[in-house]
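Undergrad: fold the stuff below for me.
(2 chains)
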Amino acid sequence: MSVFKSEFLHTLHERGFIHQTSDDSGLDALLQKETLTSYIGFDPTASSLHAGHLIQIMLLHWFQKTGHRPIALMGGGTGMIGDPSFKDEARQLMTPEKIESNLAGVKRGFSKYLNFGEGPQDALMVNNADWLMDLNYVEFLRDVGRHFAVNRMLAFDSVKMRLDREQSLSFLEFNYMILQAYDFVELNQRYDCRMQMGGSDQWGNIINGIDLGHRMGTPQLYAVTSPLLTTSSGAKMGKSATGAVWLNAEMLSVYDFWQYWRNTEDADVSRFLKLYTTLPMDEIARLDRLGGTEINEVKKILATEVTALLHGRNAAEEAAETARKTFEEGAHADNLPSIEVESSQLSDGIGVLSLFVTAGFASSNGEARRHVKGGAVRINDQQVTDERRIINEGDLTGDGVVKLSLGKKKHMLVRPS
RNA sequence: GGAGGGGUGCCUGAGUGGUUAAAAGGGGCGGACUGUAAAUCCGCUGGCUAUGCCUACGUUGGUUCGAAUCCAACUCCCUCCA
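TA: Below is the predicted model of the structure:
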């Protein structure tokens, strides 16, 4: 199926979001006819979402933008179990407290992408703990469990891998897919939700939900999955030099977020523009034609657009400007990420090593020492060769700060306080 | 409950008494080259108040001049049987 008539699927298709759908034409027709409700589930495995989730969030974003109602489902209940799909081994069980606090962090990421409210097209955020936690075991088995054939569940790729490798799959985890399927049905009953989206690894889980719906008398439900994204060199999305690319600003500064996208590989630029920005397709096509060194300008646009969606236009442009000053002028822009150090400490003098540890550029003095040996450490753009170098007030520049650099790309300002 | 197999650094995975802080690969970081890209090449990849000290091969104890390597108990995981 190449031609979609509904705006939503058409947009998704031309931007490269679609991996698989359960019923192209049926869904396409339905989307044209009425305002639909669709959901994506997010498990609270960390206290913030990261760049790997961004494609899911963009799906919801487009869904709303093309006139439908998205639901962000928080896996407060399913998070108690942990999704075993395609995992080698059981995840450590998370404590309810941990889940609760993660949930709070995860939620914050959404406000920038979706408009929440009570209207017919306003996004909703719901938590499956609301219905999963109060289930009565026997009742649930009779109403829902009887619709699942273990034979078929065992055949799913997502669990087959575990079984083939003779790794244990606990009964607890085995139930994950039942609960996720049940979520779909529950959301249908509560919110008339007809469609579930997710990463391609969720296909099996989603299909289970559709099947369960059939058996429990819901209207026809639909599935749309997005490709599992990696960079051209095969790295998972969302990992970077400094770790995961978190969406929450307190876990990753706006500047560093911008930098992540600025450093996109050439081969990914066009794909990422389509997936992670809302620039019109003809604009993207125009940028796509730029070659050679101009691609660097395109990367800046990519970075600024992606950052603007998450952190706002102003913050994004500030980050772009900071980067421009830092990289193109060699100056140290005021907006580089910074840390504060007590002035008294500074007058006593701080060793380079511990300063770099404080800045988070090294996790131990030993690591900082190795960086010095490797010639990666600079203070105010001067390479440091003496690992016993002391930084004190004399190192403050005219702006009253000290600039730390690790390698070419990581910079931070130290401010006395 | 019975029989067998196994737990090594971020991950995979060698190592079965003595330069073993532990091969190799992956991943990560830094450097060179470039375009803040990729590819390639080079270096690093337990900690510390550091020519030394401390911690480390599931846990605890033991044998030994010396243990990740041998022994015992415990613990967790896997497979098969009941």
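Undergrad: from here on, just use CA atoms for contacts and neighbour counts.
TA: OK.
Undergrad: what does stretch A:407-417 rub up against?
TA: Taking contacts as CA atoms under 8 Å, 6 or more residues apart in numbering, the residues outside stretch A:407-417 that touch it are A:336-343, A:346, A:359, A:376-378, A:400-405.
Undergrad: is that stretch in proximity to RNA strand B?
TA: Yes - counting by CA under 7 Å from any atom of the strand, RNA strand B is contacted by stretch A:407-417 at A:407-410.
Undergrad: scan those and report the most crowded one.
TA: Counting neighbours by other CA atoms under 10 Å, A:Lys410 leads the residues of stretch A:407-417 next to RNA strand B with 16 neighbours.
Undergrad: on that earlier part again, in strands, which of the residues of stretch A:407-417 next to RNA strand B fall?
TA: Within the residues of stretch A:407-417 next to RNA strand B, membership in strands is found for A:Lys410, as judged by DSSP state E.
Undergrad: just to revisit the earlier point, also near RNA strand B: which of the contacts of stretch A:407-417, exactly?
TA: A:Ala376.
Undergrad: filter the contacts of stretch A:407-417 down to the buried ones and hand me the ChimeraX line.
TA: Here is the ChimeraX command that selects the buried residues among those (16 or more other CA atoms under 10 Å):
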select /A:336,337,338,341,346,359,376,377,378,401,402,403,404,405
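Undergrad: please flag which of the contacts of stretch A:407-417 sit within strands.
TA: A:338-341, A:377-378, A:402-405.
Undergrad: in the stretch 51-200 of chain A, which spans are strands?
TA: Using DSSP state E, counting those that start in this stretch, the strands of the stretch 51-200 of chain A run over A:69-74, A:124-127, A:195-199.
Undergrad: now the stretch 251-400 of chain A
TA: Taking DSSP E, counting those that start in this stretch as the criterion, the stretch 251-400 of chain A carries its strands at A:338-341, A:350-351, A:377-379, A:382-383, A:390-391.
Undergrad: out of these, the one nearest A:Gly109 is which?
TA: strand A:338-341 (23.0 Å; CA to CA).
Undergrad: off-centre distance for the closest one?
TA: When distances are taken as CA atoms, centre = their mean, to the nearest Å, strand A:338-341 is centred 28 Å away from the chain's centroid.
Undergrad: one more: stretch A:9-25?
TA: Worked out by CA atoms, centre = their mean, stretch A:9-25 lies 20 Å from the chain centre.
Undergrad: list the buried residues of it.
TA: A:9-13, A:15, A:17-22, A:24.
Undergrad: tell me the one of the residues you listed nearest RNA strand B?
TA: Closest to RNA strand B out of those is A:Arg15 (21.0 Å), distances taken as CA to the nearest atom of the strand.
Undergrad: so what's that closest one up against?
TA: Counting by CA under 8 Å, 6+ apart, A:Arg15 has contacts A:271, A:274-275, A:281.
Undergrad: mean pLDDT added to the strands of the stretch 251-400 of chain A, as CSV?
TA: Compiled in CSV, those are given as follows (pLDDT from 0 to 100):
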stretch, mean pLDDT
strand A:338-341, 88
strand A:350-351, 88
strand A:377-379, 91
strand A:382-383, 88
strand A:390-391, 90
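Undergrad: may I see those organised as a markdown table, with distance to A:Thr218 added?
TA: As requested, those are exported to a markdown table (distance: least, CA to CA, whole Å):
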| stretch | distance to A:Thr218 |
| --- | --- |
| strand A:338-341 | 54 |
| strand A:350-351 | 67 |
| strand A:377-379 | 62 |
| strand A:382-383 | 67 |
| strand A:390-391 | 68 |
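Undergrad: could you dump the strands of the stretch 51-200 of chain A to JSON lines with mean pLDDT, mean neighbour count and distance to RNA strand B?
TA: Shown next, in JSON lines, are the strands of the stretch 51-200 of chain A (pLDDT from 0 to 100; neighbours: other CA atoms under 10 Å; distance: least, CA to the nearest atom of the strand, whole Å):
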{"stretch": "strand A:69-74", "mean pLDDT": "94", "mean neighbour count": "24", "distance to RNA strand B": "27"}
{"stretch": "strand A:124-127", "mean pLDDT": "93", "mean neighbour count": "17", "distance to RNA strand B": "30"}
{"stretch": "strand A:195-199", "mean pLDDT": "91", "mean neighbour count": "24", "distance to RNA strand B": "21"}
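Undergrad: what's the first-to-last distance across stretch A:279-299?
TA: 13 Å (CA to CA, to the nearest Å).
Undergrad: report the buried residues of that stretch.
TA: A:284, A:287, A:295-296, A:298-299.
Undergrad: now, which of those residues lie close to RNA strand B?
TA: Okay, of the buried residues of stretch A:279-299 touching RNA strand B (CA under 7 Å from any atom of the strand), that's A:295-296.
Undergrad: restricted to helices, list the buried residues of stretch A:279-299.
TA: A:284, A:287, A:295-296, A:298-299 (DSSP state H).
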